[in-house]
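1. Dropping the sequence and predicted coords here.
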Amino acid sequence: MADMADDAQGASARVKFYAQTFTVFHSLQSIAASQLHDDGALDGGAPSVQSMQYFSRIGALYSDEIHQYFSALESQGDPVEHLRHIQTLHTIFRLAQVLYFPPDGSGMGVVGEELLHWLNAHDVAPTTEQGHQIAQTSPPHEHPEYWDYVFRCVLRGFYSTAATVLQSYALSSESSTLRALAADTAQLLQSAPRSTAHATEQSFQSAHRSWLASVRALLSSVQHKMDTIQTELRSNDELRLELEAQFRCLLELLAGVPERVLEFSEDWKEAVAAWVTLVQPLLKRDDLPEVVQLVTDRLPVDGTLASENILWALMAGDVPKAVRLAIDHDQWLATHLGDYCDKAGLLEGASAPQDESEGETGSDGQTTLRDSLVFTWARILVDEERLWRMALSYLASVPTASARTRMRGILFNVPLQSGDVAFEQVEEVLSACIEYGMDDEVRIICKRLGHALMEQQKYGLAVAYAVRARDARQIREIADRMLDDYFEHGVDAFVKSVETIPRVLLDDAASVADAAIANTNANANINANMNTNTNTGTAIATASTTDMEDGFAAPRSSIFDAATFAPLAFHVKYCDFFHLFADSHSWAQAAQALYQLMTSAVTPESFLAVLLVDALPILQSDRLYFGVDETYELLRIAEKVAAGADGPDAAHYMSSLERLLHREAAQGAGALAQERLSVVRLALAQYLARVCIAPSIDS
């Protein structure tokens, strides 16, 4: 259980790290786009000094996030091996920032102090423990690691520390000459010029030239001084030779003798940092690759360590190689380092590795290295972390058709159903589509959801998604399925399904029905056959988004005409009839609703027989609800249906009634339907006789 908790903590820290660095990545894209526009560098020119200053700050943010991630993992007791791996990410990213994204934006100054600071921050030496051990020895210079510690301090630029340690000789030696030599050397260490302490390069150069002359002067006098020291100490040749060798090595290090730097450096990185502060303190960034080549010829890079190879490539000036090497070391590093360097034009012309090239982003038809890295990282976010929204944002930074295809694949594969549709997830997917201008994908996803919801008999949401998909055919299919529920499960199921439709769509559908009724009543040729596909020319909606039930928002578009919403309009009016008919006090309104349905263009011709049967209780009531004209119209409709039922189109006119009656008489539904129709015709004839006797009825 503890292991599971640790894994969960590690995953949480990792996801947080990914989220935080994605924010930095996103900011970098925005800054780069803005600076590209401001710089007018649309021809692919190098970024301006101001742009590079911004990029340097971005690098600092990346480094800070890596450090925070390391601290979080360390606090929860992550394995040492993993912590070391995260440390290498920090080391590599900081080196890239130091070499290629200097804070001043130009990088024209000397690089020695910056490189030395990077080394000391990420590879601590000499250690504080070593210093304490030497200090506790009496006298300190008798500690076996005394001189190694002093040399290491000089190589690492800790001149004051070396001078303090050297005071051991200046304060305790019996030889006055040795005390003077140690004091003079300590004074040189204390006064060593630092480029960071000078306002101009010329000032530093002058100070260093003067100081170096003093070092060489002292160095040239060492042999003579040692003769005197040997005499004063009455020592043997062995002690004299050891003292002379150590002081000479120390002064030669300060004088920048290449052989001494290479001799005492622990590895190639330390040698390079010491070289650019002691041997060539005026070295610029552009000249660093030559020094790296010279040093690594003597102190080879450990090729078995991926991090070492990456660091070497960065120092050698081969940024594309460094990024490619990072792919096998850490994909996060490769992606973000690659994108970072690409913004400064450091990956120009670099194509993806052969096995990674899958797109057409480059002018030569190859995927660029940067884009390939983003593609791979997006895939990892989806496959391993389920961070599909973040993956979309990464892919959106690649303005190619290949990236859009990948985005589409991610969106279509986000799981949206597990029993019930997870509507929050659905809305997040649709929101992502809208954010990236993927209108076609919105329609495809909504269409799929509409179909799935229809199969689950969630007709209201199904209609809402069908509207959002702008799929008129699916809307009609859902309406047909709702009518099937009426035939199979009765009035209650039908009314319940209609009431699940978002209110705004019900209102629209009702307006279609009203328009259709008005159009029918105004038609002089009242005996013309009703066509269920009649287009009343009514514009159902605007392209704006309106609110619906359950917080769902669906766009209504003018592409939906009356024909599209006619089935829903029929359902709405038919549902209203059932509500009115359920209360005997509202039968007058129910009668009018039923009459309007039978004379409306939204009513399917095949459903007229069902409506006539629905009218039976009203026709047989003691009270008169239809006027003379209305009764004649109902008679005309009944005769039309009866005539059709006796002709070749009998199935068309009677199929709906037969399906409705199938629950009562599965074997004889056809005969029962004919019988009911005959009863309706008789009831109409009787009703006509009654209404003619009482012509004053309020129609």
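-> Perfect, thanks for sending it.
2. which residues sit against stretch 174-184?
-> By CB atoms under 8 Å, 6 or more residues apart in numbering, the list of residues contacting stretch 174-184 from outside reads 166-171, 173, 218, 222, 225, 228-229, 232-233, 243, 247. C-betas here are computed from N, CA, C, even on glycine.
3. how about 7 Å then?
-> 166, 169, 170, 173, 218, 225, 228, 229, 232, 233, 247 (CB atoms under 7 Å, 6 or more residues apart in numbering).
4. now the last one, nearest residue through space, not along the chain?
-> Just to be clear, that refers to residue 247. The spatial neighbour of residue 247 that comes closest, neighbours along the chain excluded (CB to CB, 6 or more residues apart in numbering), is residue 222 at 5.7 Å.
5. Also the fourth one?
-> Excluding the flanking residues, the one nearest residue 173 by CB to CB, 6+ apart is residue 179, at 5.0 Å.
6. For burial, what's the neighbour tally of the one you found?
-> Using other CB atoms under 10 Å, residue 179 has 18 neighbouring residues.
7. ok, it to residue 369 distance?
-> Applying CB to CB, to the nearest Å, the value for residue 179 to residue 369 is 61 Å.
8. cool, residue 328 as well?
-> 14 Å.
9. Who has more neighbours out of these two?
-> residue 369 (27 against 11).
10. And the spatially closest residue to the more buried one that is not a sequence neighbour, what's its pLDDT?
-> Closest residue to residue 369 in three dimensions, ignoring its sequence neighbours and counting by CB to CB, 6+ apart: residue 350, at 4.1 Å. Listed pLDDT for residue 350 reads 82.
11. send the alpha carbons of whichever helix or strand the residue nearest to residue 173 is part of over as CSV?
-> Element membership for residue 179 (DSSP states H and E) is helix 176-190. Provided in CSV are the C-alpha atoms of helix 176-190 (Å, rounded to 0.1, in the frame of the first residue of the first chain):
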residue,chain,number,x,y,z
SER,A,176,59.9,34.1,7.1
THR,A,177,60.5,33.7,3.4
LEU,A,178,57.9,31.0,3.2
ARG,A,179,55.4,33.1,5.2
ALA,A,180,56.1,36.0,2.8
LEU,A,181,55.6,33.8,-0.2
ALA,A,182,52.4,32.4,1.1
ALA,A,183,51.2,35.9,2.0
ASP,A,184,52.1,37.3,-1.5
THR,A,185,50.3,34.3,-3.2
ALA,A,186,47.3,34.8,-1.0
GLN,A,187,47.3,38.5,-1.9
LEU,A,188,47.3,37.6,-5.6
LEU,A,189,44.4,35.3,-5.0
GLN,A,190,42.5,37.9,-3.1
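12. List the buried residues for the helix or strand just after it?
-> Sequence-wise, the next helix or strand downstream of helix 176-190 (DSSP H and E) is helix 201-220. By neighbour count on 16 or more other CB atoms under 10 Å, the buried set for helix 201-220 is 204, 205, 207, 208, 212, 215, 218, 219.
13. Give the next helix or strand downstream of helix 201-220.
-> helix 222-233.
14. got the buried residues for whichever helix or strand comes after that following helix?
-> Once the chain leaves helix 222-233, the next helix or strand it forms, by DSSP H and E, is helix 237-255. In terms of neighbour count (16+ other CB under 10 Å), helix 237-255 has its buried residues at 240, 243-244, 246-255.
15. Next SSE downstream of helix 237-255?
-> Helix 237-255 is succeeded, C-terminally, by helix 258-264 (DSSP H and E).
16. so how far is the helix or strand where residue 631 lies off the chain centroid?
-> Assigned by DSSP H and E, residue 631 falls within helix 628-646. In terms of CA atoms, centre = their mean, to the nearest Å, the centre of helix 628-646 is set 64 Å apart from its chain centre.
17. quick one: average confidence on the helix or strand just after that helix?
-> As assigned by DSSP H and E, the chain's next helix or strand after helix 628-646 is helix 650-661. Helix 650-661 shows a mean pLDDT of 91.
18. from now on call the first residue 31
-> Sounds good: first residue 31 from here, last item helix 680-691.
19. Packing partners of the helix or strand following helix 680-691?
-> Using DSSP H and E, the helix or strand that follows helix 680-691 in sequence is helix 699-723. Counting contacts by 3 or more CB pairs under 7 Å, 6 or more residues apart in numbering; DSSP states H and E, helix 699-723 is packed against helix 638-644, helix 646-649, helix 658-676, helix 680-691.
20. what's the average pLDDT for helix 699-723?
-> 92.
21. residue ranges with poor pLDDT in this structure?
-> 31-37, 68-75, 384-395, 447-451, 533, 536-592, 696, 725-729 (pLDDT under 70).
22. List the contacts of stretch 84-99.
-> 43, 47, 50-51, 54, 57-58, 61, 65, 116, 119-120, 123-124, 127, 131-133, 135, 366, 370, 373-374.
23. list the buried ones in the helix holding residue 209?
-> Buried, per 16+ other CB under 10 Å, within helix 206-220: 207, 208, 209, 210, 211, 212, 213, 214, 215, 216, 218, 219.
24. next one: stretch 656-663
-> Applying 16+ other CB under 10 Å to stretch 656-663 flags 656, 657, 660, 661, 663 as buried.
25. any idea how far residue 193 is from the second one?
-> Computed as CB to CB, the residue 657 to residue 193 distance reads 117 Å.
26. max-length helix in this structure?
-> If you go by DSSP state H, the chain has its longest helix at helix 32-69.
27. Now find how far off-centre the next helix or strand after that one is within its chain.
-> Using DSSP H and E, the helix or strand that follows helix 32-69 in sequence is helix 79-105. When C-alpha coordinates are averaged (CA atoms, centre = their mean), helix 79-105 and its chain have centres 19 Å apart.
28. and if you look at stretch 264-282?
-> 64 Å.
29. swap in stretch 672-688?
-> How far stretch 672-688 lies from its chain's middle: 59 Å, per CA atoms, centre = their mean.
30. list the buried ones in it?
-> In stretch 672-688, counting by 16+ other CB under 10 Å, buried: 672, 674, 675, 683, 684, 685, 686, 687, 688.
31. same thing with stretch 602-621?
-> Buried residues in stretch 602-621, defined by neighbour count with 16+ other CB under 10 Å: 602-608, 610-611, 617, 619-621.
32. Out of the residues you listed, which is nearest to residue 651?
-> Residue 651 has its nearest neighbour among those in residue 617, at 6.9 Å by CB to CB.
33. any residues touching the helix holding residue 661, and which ones?
-> 557, 625, 628-629, 638-639, 642, 645, 656, 680, 682-684, 704, 707, 710-711, 714, 717-718, 721-722, 725, 729.
34. With stretch 138-150 instead?
-> Stretch 138-150 is touched from outside by 124-125, 128, 186-187, 224-226, 231, 299-300, 303, 306-307, 311-315, 318, with contacts defined as CB under 7 Å, 6+ apart.
35. For these, which PyMOL command selects only the ones that are buried?
-> Selection of buried members from the contacts of stretch 138-150 for PyMOL, criterion 16+ other CB under 10 Å:
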select buried, resi 124+125+128+186+187+224+225+299+300+303+306+307+311+313+315+318
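36. Give me the subset of the contacts of stretch 138-150 that lies in helices.
-> Judged by DSSP H, helices contain the following of the contacts of stretch 138-150: 124, 125, 128, 231, 299, 300, 303, 318.
37. Apart from its neighbours in sequence, what residue is nearest the fifth one?
-> Yep, that's residue 299 we're talking about. residue 149 (6.0 Å).
38. Secondary structure element holding that neighbour?
-> Counting by DSSP H and E, the element that carries residue 149 is helix 142-152.
39. what angle do that helix and helix 231-250 make?
-> When axes from the mean of the first three to the mean of the last three CA atoms, to 10 degrees is applied, the directions of helix 142-152 and helix 231-250 differ by 70 degrees.
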